[in-house]
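In: Okay, sequence plus prediction incoming.
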Amino acid sequence: MGLLTDPKTQATVSRLISKYYAVVSIFFYIIGIIYMLSLAHYPLSAGTYFSENALLPALVEREYHSETDTRTYANELREVARGTPKGAIPEQWLYSKFRELGLDVYSQNYTVSHPFMETVTSKKGPSKTKVITGTNVYGILRAPRLAGTEAIVLTVPYRSLRQVATFGSTNHGIGLMLSLASYFRRHTYWSKDIIFLVVEHEEIGMRAWLESYHDTKSSYITSSLMSGRSGSVMGAINLELGSDSLDHIDIMIEGPNGQLPNLDLFNLAVRLCKREGIAVTFQNRQDALQAQWLRYEGFKHSMKTMLLNMAHQASGKPSGIHGLFLQYHIEALTLKGYPSQSRRAQSIVSVGRVLEGMTRSINNLLERLHQSFFFYILPSTERYISIGLYMPPFGLLMVVPILHGLALWIASGKVEDDQEGEKVGESDEKHSDEKKDSQVEAEPPQRPFSLVIPLMIGAFVTGVLLFYCPQYFITRYSAAFGLKPNEGITIGLLAFLVGCIFLPYLGRSKNQQSTDLSSKAEWQLLKSFALIWQGVSLSAIAMMNFSLAFFIAVVTIPVYTIVRPSKKRIFRIIQSALLVLVSPYGLVLIGILIYQANTINYDSYGQLLLDTLFAAQDAMYNSVVDRCLYGSWSYGLATLVVFPNWMLFWMVVWRKQQ
């Protein structure tokens, strides 16, 4: 500690930072990105393995073979669904089927109502709140060996004929669930209750069921009293099957706010799928061929899979309804089957055996899955990148804003010293230098904190206003202009952003009396705080959602480090354009544009841009809705962390120069 407080050591460190920070920052930024992307290479990632020995995967002989029952249930459900009014869930049919199988059957009714689902009745008239009603039906197979203190959940979302056109059918998934329930009922080795759950309205229905099951309150979801419960849920599997012949199964693991299930559960699904001969994919992509593992083609394939995994995690949205279980510390994933017309297609019996094996493995657990990783990135189904591997390259990126912030902090102090030194005549320059050195040793330099702190407080206040803007302003006035909720929220947020853009320019006083040196010290100190804030906030975000923090850092760091006030208008305009591009809304546009360009084949760039704009509008609206219904953090991070930080750099660019 003596070295850190020694004035000579401080002067040496300050001199080194001021001299080499630019070169070191460029080097660390480039190396950090290359380091992160190179982790997708086969020799640099690790092979997956089981940490929980109690799972005992593939050690039992699976016996399920009731293919006829699955098809019969699926065809019968299809006929019943056609006669159900308004696409509602066939509650009575499911209730009777579960009852015939000897399960304890229950149903749950729920109602969802909140201000962001208002529909406009007329341009001048009031808005009418849209209420969503639904029903969940579930049956419980009670464990014959224990008192039912633990449970396993097998869930399938019900989709009406209208939803099938967009999301695909799940009739065969429900049929397989009923067939498995009949098969499980005939065995006595279950030590945990098994809950067979069919939910309506996807995530909303799943959220309503979980809130009622765990007896938690919600401001927007009202549910009927849950009359049937089991014990603590140890694991959950969501199944989406629309055909009895499958090409492959895609495993989806992403949950809200970047949460991921325990890696052992993912490994279990992969191991059992390959044991049954089912082609298994991640991010709907098969693994690279073994002959390509050490070649550039294999590295490129794995890197794209890894980046898609990071993109889905960064979005903060669950890839399936399994994600809502993760908020209750319940390990869950989704198995989505893709139909095939080939003669080599896999039978649905193989999927049933996979589910049988997964259920029996979870049934063996004596405690919750905890030994394997919860923080990881997957470049393939059999390789993983743990937190110990992907955090070092992120740390290299974080060196850049911290180092730039320290350099500006040092420079802002030197500016004040230079300002005092100008008062001394040139004839006494040597004496002035000695006096200045003695003053530096005697007391620290004076920086314009009184001018910078109010700006930081103002930036945070604008973020708070933006956070509450949809709830208290936008939805109240969107009906007056005949706008839909998603249109009102998008236009309102953009209008707020435009207003904040003009605040620094309108707030500049023409009669402001300041020298070039004091103005320089002001913007240097302001930018120093903004850069350090960026480094600290992104480091905190990385502990919750690494992918989101990494993508934000890669895009914003180059822009944030180069912006500075300028007397030339053209330079201010160029810097302002770059800042608008990396604003929260700009980041959403960039992310969606890159994602859709790499996942969807477009005939023209115009169609790509048009779809990107509409997708960005939906993303902004969904971020607000997800915050209310599912506890998503995306909107809060964008408005309370990213936007105020961006606002500080915008103020830096438009600081008045003498």
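Out: Perfect, I can see it now.
In: Nearest to the spatial middle of this structure, which residue is it?
Out: G316 (2.0 Å; Cα atoms, centre = their mean).
In: Can you tell me the closest non-neighbouring residue to it?
Out: Leaving out its chain neighbours, the residue that sits closest to G316 by Cβ to Cβ, 6 or more residues apart in numbering is S634, at 3.9 Å. To be clear about C-beta, it is placed using only N, CA and C from the backbone, and glycine gets the same treatment.
In: and that neighbour, what does it touch?
Out: Contact analysis of S634 by Cβ atoms under 8 Å, 6 or more residues apart in numbering lists 257, 315-317, 623, 626-627.
In: what about R360, how many residues close to it?
Out: 21 (other Cβ atoms under 10 Å).
In: Would you check how far apart the closest residue to L455 other than its chain neighbours and I132 are?
Out: With sequence-adjacent residues excluded and distances taken as Cβ to Cβ, 6+ apart, L455 is closest to M651, at 5.7 Å. Here M651 is placed at a distance of 43 Å from I132 (Cβ to Cβ, to the nearest Å).
In: what about those two, which has more around it?
Out: Taking other Cβ under 10 Å, M651 and I132 do not tie; M651 has more neighbours (23 against 17).
In: returning to what we had before: my understanding was that the residue nearest to the centre of the chain contacts G631; is that so?
Out: No. At 10.6 Å, G316 does not count as touching G631 under the criterion of Cβ atoms under 8 Å.
In: Once you drop chain neighbours, what's closest to G395?
Out: Nearest non-adjacent residue to G395, counting by Cβ to Cβ, 6+ apart: G32, 7.9 Å away.
In: L613 now?
Out: L589 (7.7 Å).
In: what about that neighbour, which SS state?
Out: With DSSP: H, G, I helix; E, B strand; the rest coil as the basis, L589 sits in helix.
In: unless I'm mixing things up, it is touching A615, no?
Out: No. The criterion here is Cβ under 8 Å, and L589 misses it with A615 at 9.0 Å.
In: what's the average pLDDT for the one helix or strand L578 maps to?
Out: Secondary structure assigned from DSSP states H and E places L578 in helix 569-581. Helix 569-581 carries an average pLDDT of 91.
In: sorry, back to before: got a list of what the residue nearest to L613 touches?
Out: Residues near L589 by Cβ under 8 Å, 6+ apart: 612-613, 616.
In: how about 10 Å then?
Out: Applying Cβ atoms under 10 Å, 6 or more residues apart in numbering, we find L589 in contact with 581, 583, 609, 612-613, 615-616, 619.
In: Check the residues you listed for burial and list the buried ones.
Out: 583, 612, 615-616, 619 (16 or more other Cβ atoms under 10 Å).
In: from these, which two are the most distant?
Out: Across the buried ones among the contacts of L589, the longest distance by Cβ to Cβ is 17.2 Å; it joins S583 and A615.
In: Spatially nearest residue to A74, not counting backbone neighbours?
Out: Leaving aside its sequence neighbours, A74 sits nearest to G175 (Cβ to Cβ, 6+ apart; 3.6 Å).
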